[in-house]
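In: Provided below are the primary sequence and the corresponding predicted coordinates.
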Protein chains: 4
Amino acid sequence: MTKKIAFLGLGNMGIPIAQNLINAGHEVSIYNRSAVKAQQLTGNYFLANSPAEAVADKDFVFTMLADDNALNQICTGENGFILALKKGAIHISMSTIAPETSAILNDIHHKNGSIYLSSPVFGRPTAAAEAKLFICLSGQDEAKQLAKPLLEQVGQAVYDFGEDVKAANVLKLTGNFMIMASMETMAEAFTLAEKNGLDRKQVADFFGNTVFNAPIYKNYGTLIANNNYQPVGFKSTLGFKDARLASKMALDAEMPAPLLNLVYNRLLSAIAQGKGEQDWAESIAKGVSNDAGI
Amino acid sequence: MTKKIAFLGLGNMGIPIAQNLINAGHEVSIYNRSAVKAQQLTGNYFLANSPAEAVADKDFVFTMLADDNALNQICTGENGFILALKKGAIHISMSTIAPETSAILNDIHHKNGSIYLSSPVFGRPTAAAEAKLFICLSGQDEAKQLAKPLLEQVGQAVYDFGEDVKAANVLKLTGNFMIMASMETMAEAFTLAEKNGLDRKQVADFFGNTVFNAPIYKNYGTLIANNNYQPVGFKSTLGFKDARLASKMALDAEMPAPLLNLVYNRLLSAIAQGKGEQDWAESIAKGVSNDAGI
Amino acid sequence: MTKKIAFLGLGNMGIPIAQNLINAGHEVSIYNRSAVKAQQLTGNYFLANSPAEAVADKDFVFTMLADDNALNQICTGENGFILALKKGAIHISMSTIAPETSAILNDIHHKNGSIYLSSPVFGRPTAAAEAKLFICLSGQDEAKQLAKPLLEQVGQAVYDFGEDVKAANVLKLTGNFMIMASMETMAEAFTLAEKNGLDRKQVADFFGNTVFNAPIYKNYGTLIANNNYQPVGFKSTLGFKDARLASKMALDAEMPAPLLNLVYNRLLSAIAQGKGEQDWAESIAKGVSNDAGI
Amino acid sequence: MTKKIAFLGLGNMGIPIAQNLINAGHEVSIYNRSAVKAQQLTGNYFLANSPAEAVADKDFVFTMLADDNALNQICTGENGFILALKKGAIHISMSTIAPETSAILNDIHHKNGSIYLSSPVFGRPTAAAEAKLFICLSGQDEAKQLAKPLLEQVGQAVYDFGEDVKAANVLKLTGNFMIMASMETMAEAFTLAEKNGLDRKQVADFFGNTVFNAPIYKNYGTLIANNNYQPVGFKSTLGFKDARLASKMALDAEMPAPLLNLVYNRLLSAIAQGKGEQDWAESIAKGVSNDAGI
């Protein structure tokens, strides 16, 4: 069934998700601060000149932005779309942001007569291109039922975390912490094995095919075993943003999290050394290697 | 093809492995310090009164002991089997031990005219019962070729890590470190999510079915999400032994390993508090929860 | 020379400082949210009913509050004194607060025609009573020259950290981090020695009289060696506030600080366990002891 | 009263201590593996060709060696002095070594009819030259009474830690841990202050003159504030040896010590990077600075 959709934010993740919505035959209008990005899209879509133009008369507005700031800007900022939304429109917010940001936007939507859903995703651009994302969802039940069919067109499964819009954001940040922790785990493990005479690629292969045969260990294991982080999949500055948000959650919840501190420091150190643009896996793994003199 | 086999060490892991060798129709003699454990075995086997009696005229000697000490004792100790081994016999050493212990035993075997192979395994007693262990192997190539068909009868796959007998032990300790690190990761993650309003079981389910869908995350994730560690699968004292051996490897290799320090301290703290008998997952996860006041 | 002074904030530290100003013969008006605290003061002073009344026609306004919030409240909040200040009056701000809070208040004072100086202190209530505080000072030079004679009446030395009002706050938070780090150092050291057969009091005495013969090691060393933290000198919640502010400084400056993380977690854990009211030294030292099973 | 003394080990610390014993008029025979070091001594002394020759007919034997190995070698090794000692001779062992090494040597001396005292010192070569060392002492009471007058000629005070020879070694290692922890404290503190706009030398001066006015903070504070570690006072490899011995004590005593882990890793990392010869303060402080990108 064709839906009227706006998609805002054409980053590495936004492009393939938007493309899948276009491919599914929906009526899609696109907005990105830098319009040239839209040239990577194929098929039928409308390129809007402003967030407000993009969302006008749409039933669903997807956003996939770099951070809380960018999302706030495009939604409630000077040229934000919030007042242009039609009543009852559903904002499907896919960015990785602070739970608190979702709570605030949810309130604003509520007053505005529109609906806010948190819908962050797990998966990399290639997974997004194949519509194989894992999608987390939280917010008002009725709206979630309407959003699910669309989300199933861009992901392999949708997981419902209840009515609190913050929940899916909590889960996403928790997951990003787990990914960073896995990188530290692999970096220490492979370095330990290498310095004791093993081949780190063979070590990565063994674990990635046996007791750790999960996507995170397979994908990042390959990067870390080969010391090859090109092309950059996720910048250290973005990874640090998430480590910082997770630390804030830990503080608010009164919870010491020493492993979180450790990966937070790995990323912060890379940034302090001017390496914020490198892949987050490189920042963590090179931190371990460098401390070990290799 | 029926082989003459001795199996020494009937712990949680030894029993199912020995059973699979008996089931495969080999001529198996068994030794365990406490002979009563052998009553858990079914089928045809010979119960020896000493390690030496067990290994006499056998072509393969499997050992699966609790630690380096127990292995040294049964092999080269006062009533050890080493001198009773026939020339060319192959000792398949499955215990999780220091690489250095393997190197020393390897030398002794060499002088003795017998052969030592390192063959530690990954998998829990239930996996052992189903012959689904992942088996690591290192040592002399010719002997490995002879050992592999037997190992394939107790595991789902055999991975060859070369001719250095230490290699498979390095890998096993590296893997046990990775498992402990995963427990810390999950413990911090689930506690972070729980203290921010989510259900830890739902969180564990989500990750265990998506980006972390590997045995370690599924199995330990269930324990840690449910805060239920009965029955004890692997005691904290044994886990700490491995953390200590891995730390020794890191020291010898001149490598800082802060995440290893963290899990080492979790287990050491549990032992200091008199909780050395509890499951290693409980020691790590309760350390996190307790610090967070839950 | 008699000055017209207002003193706001009669906590553990405020009382003895205010008393010394009264004793020095100044014309002192006092304000505290809970006026009953003023009964601990002796000599001549005026008890004001509001911050505004306290500061009216005064040349110097001292504030010594629990945190940034309390300071903002009393200065620029609903019943704050800022508009009641006479032109050219000097606000000597002694609270331990975020550098940023000083910067903001400094701007407000500037627009208001009054002057803001940062003047946090080191020393405990007993040191304050003996006018032996170490006083840090930063802000406009001319105002500092006017403030110094007064500060010398409540401390043993005044240290000038330049014209940036933030500087003295940075120094104070840095110092409080150092104190917490010293507590962790002593707690680990005394526990290590104790568990290896020494008497922790003798250990504390030795170091406090030799290579660590500084007030911090002598005073906190006694508490930590004796495991006696009564009466509470500085609550864990206040200590944690400072650890949090120092962490914020480290984040803003892009600096990993693992020892800061460690003491931050000690205090946060105590708070999570409902022990926020206990002395900060107890939270840190009991964290160490508890992990060691004693 | 003139005593017959042997002094073995002319390192940075041994030379000034031996000189003070010579200056005090004792009959001193000297031994050092590299005899040329003795040319730095002045006054009357006998240069022996072997440890055995040095100790023959002496009542007191001082040893000040680099590590456990060197001490064992000179005492009980191939050309060790133990059998050449006269009955009742007192071995005053000043090296920083494992408590266990002292216990073993103590037993050997006991069987040999001689006496072993642990007597490690705090202070740097300049303090040794001025006879201002702080001297720790443990072992048999009667022997300690005989040793004290001599020790008072090379130190400013002698502290008695009881009859267990291990005690003074435990204290010494505990103290070296505290010194390393202070370096980490200062390195993080000065870097935090510097990155927030303060001058690190002014920060070091302030704390070294106020609440942290102890030798450790003054001396190492100057090095760390100025980033100038020449000449090398104590090599990182030696500092790491002590961190390792302290970690061993913590393990044996079942005690997690995260701050000890942290400084252990700083030194190990420097060694792994080929910087083992640099001052231990440089290894710790540069570790902090480097992580912070400065």
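Out: All right, it came through fine.

In: how about the helices of the stretch 1-150 of chain A, start to end?
Out: Secondary structure of the stretch 1-150 of chain A (DSSP state H, counting those that start in this stretch): helices located at A:14-23, A:51-55, A:68-76, A:99-112, A:125-129, A:141-151.

In: can you check which of those gets nearest to chain D?
Out: helix A:68-76 (23.7 Å; C-beta to the nearest C-beta). Backbone N, C-alpha and C define where each C-beta goes, glycine included.

In: so which elements touch that closest one?
Out: The contact analysis (3 or more C-beta pairs under 8 Å, 6 or more residues apart in numbering or on different chains; DSSP states H and E) places helix A:68-76 against strand A:60-63, helix A:99-112.

In: ok, which of those comes nearest chain C?
Out: Per C-beta to the nearest C-beta, nearest to chain C of those: helix A:99-112, 16.8 Å.

In: any chance you could list what contacts the closest one?
Out: By C-beta atoms under 8 Å, 6 or more residues apart in numbering or on different chains, the surrounding residues in contact with helix A:99-112 are A:68, A:71-72, A:75-76, A:82-83, A:85, A:91, A:93, A:115-116, A:118, A:139, A:165-170, A:173, A:249, B:196.

In: on that earlier part again, can you redo the helices of the stretch 1-150 of chain A as a markdown table with mean neighbour count?
Out: Formatted as a markdown table, the helices of the stretch 1-150 of chain A follow (neighbours: other C-beta atoms under 10 Å in any protein chain shown):
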| stretch | mean neighbour count |
| --- | --- |
| helix A:14-23 | 23 |
| helix A:51-55 | 23 |
| helix A:68-76 | 20 |
| helix A:99-112 | 18 |
| helix A:125-129 | 17 |
| helix A:141-151 | 17 |
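
In: dump those to a markdown table, plus distance to D:Y217 and mean pLDDT.
Out: A markdown table is the format used below for the helices of the stretch 1-150 of chain A (distance: least, C-beta to C-beta, whole Å; pLDDT from 0 to 100):
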| stretch | distance to D:Y217 | mean pLDDT |
| --- | --- | --- |
| helix A:14-23 | 54 | 98 |
| helix A:51-55 | 57 | 97 |
| helix A:68-76 | 42 | 97 |
| helix A:99-112 | 41 | 98 |
| helix A:125-129 | 52 | 94 |
| helix A:141-151 | 59 | 98 |
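
In: coming back round to it: so which of the contacts of helix A:99-112 belong to strands?
Out: A:H91, A:S93, A:I115, A:Y116, A:S118 (DSSP state E).

In: which of those count as buried?
Out: Among the ones in strands among the contacts of helix A:99-112, those classed as buried by neighbour count (16 or more other C-beta atoms under 10 Å in any protein chain shown) are A:H91, A:S93, A:I115, A:Y116, A:S118.

In: so the lowest-mean-pLDDT helix or strand in chain A, near chain B or not?
Out: One helix or strand of chain A scores below all others by mean pLDDT, DSSP states H and E: helix A:125-129, with a mean of 94. No: Helix A:125-129 stays clear of chain B (C-beta under 8 Å from any C-beta of the partner chain), getting no nearer than 9.7 Å.

In: contacts for that helix?
Out: Contact with helix A:125-129 is made by A:N12, A:M13, A:I15, A:P16, A:I17, A:Q19, A:N20, A:V121, A:L133, A:V154, A:G233, as judged by C-beta under 8 Å, 6+ apart.

In: so which of those reach chain C?
Out: When contact is defined as C-beta under 8 Å from any C-beta, these do not meet chain C at all.

In: out of these, the closest to C:D291 would be?
Out: Using C-beta to C-beta, A:G233 comes nearest to C:D291 of the contacts of helix A:125-129, at 38.0 Å.

In: is that closest one in contact with A:R124, as I believe?
Out: Yes: A:G233 is within contact range of A:R124, at 5.8 Å (criterion: C-beta atoms under 8 Å).

In: tell me the centre residue of chain A?
Out: Taking C-alpha atoms, centre = their mean as the criterion, A:T96 is the residue nearest the geometric centre of chain A, at 4.8 Å.

In: how close does that one sit to B:L117?
Out: Per C-beta to C-beta, to the nearest Å, A:T96 is found 48 Å from B:L117.

In: ok, A:G113 next?
Out: According to C-beta to C-beta, A:G113 and B:L117 sit 72 Å apart.

In: who has more neighbours, those two?
Out: In this view A:G113 and B:L117 are compared by other C-beta atoms under 10 Å in any protein chain shown, and B:L117 has more residues nearby, 24 against 11.

In: any idea what the more buried one is bridged to?
Out: B:I92 (DSSP bridges).

In: so which residues on the stretch 51-200 of chain A come close to chain B?
Out: By C-beta under 8 Å from any C-beta, the residues of the stretch 51-200 of chain A that approach chain B are A:99, A:122-123, A:134, A:136, A:157, A:159, A:161, A:164, A:166-167, A:170-171, A:174-175, A:177-179, A:181-182, A:184-186, A:188-189, A:191-193, A:195-198.

In: cutoff 7 Å now
Out: Contacts of the stretch 51-200 of chain A with chain B, taken as C-beta under 7 Å from any C-beta of the partner chain, map to A:99, A:122, A:134, A:159, A:161, A:164, A:166-167, A:170-171, A:174-175, A:177-178, A:181-182, A:184-185, A:188-189, A:191-193, A:195-198.

In: so how far is the least confident helix or strand of chain A from its chain's centroid?
Out: 12 Å (C-alpha atoms, centre = their mean, to the nearest Å).

In: using CSV, write out every CA atom in it.
Out: Output in CSV follows, covering the C-alpha atoms of helix A:125-129 (Å, rounded to 0.1, in the frame of the first residue of the first chain):
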residue,chain,number,x,y,z
PRO,A,125,25.2,0.6,5.3
THR,A,126,25.5,-2.7,3.5
ALA,A,127,22.9,-4.2,5.7
ALA,A,128,20.7,-1.2,5.2
ALA,A,129,21.0,-1.6,1.4
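
In: taking the stretch 101-250 of chain A, what residue is nearest to chain D?
Out: A:K195 (8.7 Å).

In: check the stretch 1-150 of chain A too.
Out: Of all residues in the stretch 1-150 of chain A, A:D67 sits closest to chain D, at 22.1 Å by C-beta to the nearest C-beta.

In: and chain A, what are its domains?
Out: Recorded structural domains for chain A (assignment: automatic domain parsing) are A:4-163, A:169-291.

In: nearest to D:D57, out of the ones you listed?
Out: Smallest distance to D:D57 across those (C-beta to C-beta): 51.1 Å, for domain A:169-291.

In: end-to-end on that closest one?
Out: Length of domain A:169-291, first residue to last, C-alpha to C-alpha, to the nearest Å: 33 Å.

In: give me the mean pLDDT for that domain.
Out: Domain A:169-291 carries an average pLDDT of 97.
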